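Undergrad: Give me the fold of what follows.
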Amino acid sequence: DVLGISHLLERRTTELSGGEKQRVILASILAPGPDYLLLDEPSSQLDIFAAERLKELLNDLNREGITVLLSTHGKERGNRQFCLEKGAAVPCPHTASVFKGRKAPSIDVDTGQTLMELSDFGVSYGRDEVISGVNLSLHAGEVIGLIGRNGSGKSTLLRGIMGLPRVKTSGLLRLKVDGGLQDISDLSPASRSRHIAYLGQYPDAYLFHDTLEEEILFSLRNFNEKDTDRTAAEIMEHLSLTRYSQTNPRDLSTGEKERSA
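TA: Now for the predicted structure:
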């Protein structure tokens, strides 16, 4: 009840969204009533409503005498904070200083140009229609936020746009290809991926080679790109991953895996 998941009691966990699974796991560790809580990025997949409820819950538990230590990227705040730097606990720098002097990349595009259109778009899992009647236009140079509660269908919509397995779509999906908008409803995920890059919730699903460099080279060669070694080196440097080029990606931290994917 506290975590707002009573309505999921009869659902199979394999059918839950990432955020719903995270709340189920939180409930399972809180149920025995521990004295100490060690939480590793507890709100990383929660929607804004669930994240706020988690914050209230942790405050309530703390007032009852439970000590909480959580790792975070800055969404939550505790009584005390420290940052890890080269294995030592040090005072945290002010957030603004992290971005000081950095400039946003310049984008040379016609921002009024329509790149993708969804008309009365719907997505179903089996016989269950999860999303219906989506009408949306995406224009060059935009950054669009898709916000909703856990289980509302955000990931399902993206999977539908990519045409990934297990989902069935309806309505019209048009993409700018070769100078004009074309219906891509019949294109395979592989064909769509030549125009659309997709990153799902679980970066481990992308990583299957023995080194990070091999992962990136595989993607480049799969699309018959030229000068693959130079391109791989550039993208690793851009995402601060050069030091891990010969590392097995599955040995990296979750955040490093995310950048690798």
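
Undergrad: Every contact and neighbour count from this point should use C-alpha atoms.
TA: OK.

Undergrad: which stretches of the stretch 151-261 of the chain have low pLDDT?
TA: Applying pLDDT under 70 to the stretch 151-261 of the chain flags no residue at all.

Undergrad: Can you show me the strands along it?
TA: 168-177, 180-183 (DSSP state E, counting those that start in this stretch).

Undergrad: in the longest one, what's buried?
TA: Looking back up the chat, that one is strand 168-177. 168-170, 172-176 (16 or more other Cα atoms under 10 Å).

Undergrad: re earlier: of the strands of the stretch 151-261 of the chain, which approaches Asn224 most closely?
TA: Nearest of the strands of the stretch 151-261 of the chain to Asn224, taken as Cα to Cα: strand 168-177 at 18.5 Å.

Undergrad: Now do that closest one: which elements does it pack against?
TA: On a contact count with 3 or more Cα pairs under 8 Å, 6 or more residues apart in numbering; DSSP states H and E, strand 168-177 meets strand 114-125, helix 154-162, strand 180-183.

Undergrad: out of these, nearest to Ser44?
TA: Of these, nearest to Ser44 by Cα to Cα is helix 154-162, at 14.8 Å.

Undergrad: quick one: that closest one to strand 114-125, angle?
TA: 120 degrees (axes from the mean of the first three to the mean of the last three Cα atoms, to 10 degrees).

Undergrad: CA atoms of helix 154-162 as PDB?
TA: Taking Å, rounded to 0.1, in the frame of the first residue of the first chain, the C-alpha atoms of helix 154-162 are listed here in PDB:
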ATOM      1  CA  LYS A 154       6.500   5.100 -22.300                       C
ATOM      2  CA  SER A 155       8.800   2.200 -23.200                       C
ATOM      3  CA  THR A 156       6.100   0.500 -25.100                       C
ATOM      4  CA  LEU A 157       5.700   3.500 -27.400                       C
ATOM      5  CA  LEU A 158       9.400   3.600 -28.100                       C
ATOM      6  CA  ARG A 159       9.400  -0.100 -28.800                       C
ATOM      7  CA  GLY A 160       6.500   0.400 -31.200                       C
ATOM      8  CA  ILE A 161       8.300   3.100 -33.100                       C
ATOM      9  CA  MET A 162      11.300   0.800 -33.600                       C
END
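
Undergrad: next one: that helix to chain centre, how far?
TA: Mean C-alpha position of helix 154-162 versus that of the full chain (Cα atoms, centre = their mean, to the nearest Å) differs by 12 Å.

Undergrad: What are the contacting residues of it?
TA: 123, 130-131, 146-148, 167-169, 173, 189, 192-193, 196, 198, 200 (Cα atoms under 8 Å, 6 or more residues apart in numbering).

Undergrad: ranking those residues by neighbours, who comes first?
TA: Of these, Val123 is surrounded by the most neighbours, 25 neighbours in total, counting by other Cα atoms under 10 Å.

Undergrad: How many residues are close by Phe218?
TA: By the criterion of other Cα under 10 Å, Phe218 has 15 neighbours.

Undergrad: my bad, should have said Arg243
TA: 10.

Undergrad: Closest to the centroid, which residue in this protein?
TA: With distances taken as Cα atoms, centre = their mean, Gln201 lies nearest the centre of the chain, 4.3 Å away.

Undergrad: you'd agree that one is up against Ser17?
TA: No - Gln201 lies out of contact with Ser17 (Cα atoms under 8 Å); the separation is 9.8 Å.

Undergrad: just to revisit the earlier point, mind picking the two most distant members of the buried residues of strand 168-177?
TA: Farthest apart among the buried residues of strand 168-177 by Cα to Cα are Lys168 and Lys176. That separation is 21.8 Å.
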